[in-house]
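Colleague: this one's sequence-less:
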């Protein structure tokens, strides 16, 4: 009976271990960047704002952030083209490159590249943005 109990107990534990595998920095930052892009394209600026660094959020409010991204309404698609991370003794940093297709009213569609800097702060990745821009 004890063997049957143990056989029934261990497979769920082993399966649980597979779900605990950690993501690479590139995977983690790409996932956060995608969530932020989706929030921006849905015009859910408060959700997108939460991805900005704590320092940015302590200085610039959501209204200023919203005005920075007002043109996102013209975005037709936005995809991550690549990401690259550099571990450091000071702060881990990742760069994410986006390819954005947008169309301004009365103009032909255009594709442009946007690069984002992400910083690892207290175990979470945040988008770095210059204050006042």
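Modeller: Nice, I can see it. No experiment lies behind these values; they were computed from the predicted model shown. Numbers count the residues shown, from 1 in each chain.
Colleague: ranges for the strands of this structure?
Modeller: 75-86, 93-102, 110-121, 124-128 (DSSP state E).
Colleague: out of these, which gets nearest to residue 47?
Modeller: strand 124-128 (12.5 Å; CB to CB). C-betas here are computed from N, CA, C, even on glycine.
Colleague: I'd like the strands of the chain written out as CSV, with mean pLDDT and distance to residue 69 added.
Modeller: CSV is the format used below for these (pLDDT from 0 to 100; distance: least, CB to CB, whole Å):
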stretch, mean pLDDT, distance to residue 69
strand 75-86, 94, 10
strand 93-102, 96, 12
strand 110-121, 96, 11
strand 124-128, 97, 11
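Colleague: where in this protein is pLDDT low?
Modeller: 1-21, 132-133 (pLDDT under 70).
Colleague: how does it look with 90?
Modeller: 1-23, 70, 86-91, 129-133 (pLDDT under 90).
Colleague: now do the helices in it.
Modeller: 2-19, 25-41, 45-49, 54-59, 62-68 (DSSP state H).
Colleague: what comes up buried for the fourth one?
Modeller: Buried residues in helix 54-59, defined by neighbour count with 16 or more other CB atoms under 10 Å: 56-57.
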